[in-house]
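Student: let me see the structure of the following:
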Amino acid sequence: MSYNTAELVCISSARLLEDGKVVFAGAGLPLLSAILAQKTHAKTLTILFEGGVIGPFVEPGKLPPSTNEQRCATRANMVLPTTDVLLLQQRGYVDYGFLGGAQVDQYGNINSSYIGDWDRPTVRLPGTGGGNDIASLSKVIVAMHHEKRRLVKKVDFITSPGYLSGGNSRKEAGLIAGGVLKVVTHLAIMGFDEEKGVMCLEGLQPGATVEKVKENTGFDLMVKDNLYEASAPTEEELRVLHILDPERRYTTARGE
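Tutor: So this is what the prediction gives:
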């Protein structure tokens, strides 16, 4: 069964979410991936949304356009003020944060604020929302398209912190929990070296090569010795994905 790059990223990201865990999902593709995981292999996954929603079961085919929309609360366990949901992170109740970003650098710092100079940016982006809180307090999964202009040596602005400048810099800045766990793209699955706090290639998506990944990365990417090849999306995963997002709102194909 055929699939496009956005569907591949969505499904690969969803596979990282485990049954019985708690995930704070951001808007867009992370929202869809979290719901997909809940509908397939992670039946007891608890989803949190920035709008204060805890434990929703979003109706298939009726995806909310944002994490603050009323459809996010379908069959939810509870709806709290936003600050109370963020407090759950501070108290250690959230296993994963799930975000996207316009830029991610070698240390996992995420930019969703602007591209270019501060005074005269070439592109203005949506901004942080709850992204900074999520990245400061949770183990984060980032889902994005793999392009050199997006995987950069240094982001134009740190909207949501990764490992800052590497090494112990995150902890020295007072961020004693969390950190970026994985970056999932249509070419690769990347993790981070624990000591250096820098991104490293762990797995290749179907059909991708190390050379192609490096060619589309804006910095010198470390490669793990035990590199693996990820499995392609299954027919069942694609079937459920298409039921959840029949209009392809979040899974429109992107050029490579």
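
Student: for stretch 120-136, measure first residue to last.
Tutor: End-to-end distance for stretch 120-136, by CA to CA, to the nearest Å: 28 Å.

Student: equivalent analysis for stretch 193-212, please.
Tutor: Chord length of stretch 193-212, first to last residue, is 21 Å (CA to CA).

Student: repeat that for stretch 40-50.
Tutor: End-to-end for stretch 40-50, by CA to CA: 23 Å.

Student: quick check: buried residues in that stretch?
Tutor: Using 16 or more other CB atoms under 10 Å as the test for burial, stretch 40-50 gives 40, 42, 45-50. For every residue, glycine as well, the C-beta is placed using N, CA and C.

Student: likewise stretch 165-182?
Tutor: Residues of stretch 165-182 classed as buried by neighbour count (16+ other CB under 10 Å): 165-166, 170, 175, 178-182.

Student: in the stretch 51-200 of the chain, which spans are helices?
Tutor: Here the stretch 51-200 of the chain has its helices, by DSSP state H, counting those that start in this stretch, at 82-90, 131-137, 169-172.

Student: hmm, who's touching the longest one?
Tutor: Okay, so that is helix 82-90. The contact list for helix 82-90 (CB atoms under 8 Å, 6 or more residues apart in numbering) reads 24, 48-54, 94, 97, 130, 133-134, 137-138.

Student: could you list which of the buried residues of stretch 165-182 belong to strands?
Tutor: Those of the buried residues of stretch 165-182 mapping onto strands are 179-182, per DSSP state E.

Student: okay, and the beta partners of the residue nearest the centre of the chain?
Tutor: The residue lying closest to the centre of the chain (CA atoms, centre = their mean) is Val142, at 2.6 Å. Val142 forms beta bridges with Leu99, Val183, as assigned by DSSP bridges.

Student: and for Ile115?
Tutor: If you apply DSSP bridges, the partners that Ile115 bridges to are Val123.

Student: isn't it up against Ala102?
Tutor: Yes - counting by CB atoms under 8 Å, Ile115 touches Ala102, with 6.4 Å between them.

Student: where along the stretch 1-150 of the chain do the strands fall?
Tutor: With DSSP state E, counting those that start in this stretch as the definition, the stretch 1-150 of the chain shows strands at residue ranges 22-25, 46-48, 53-54, 78-79, 96-99, 103-105, 110-111, 114-116, 121-124, 139-143.
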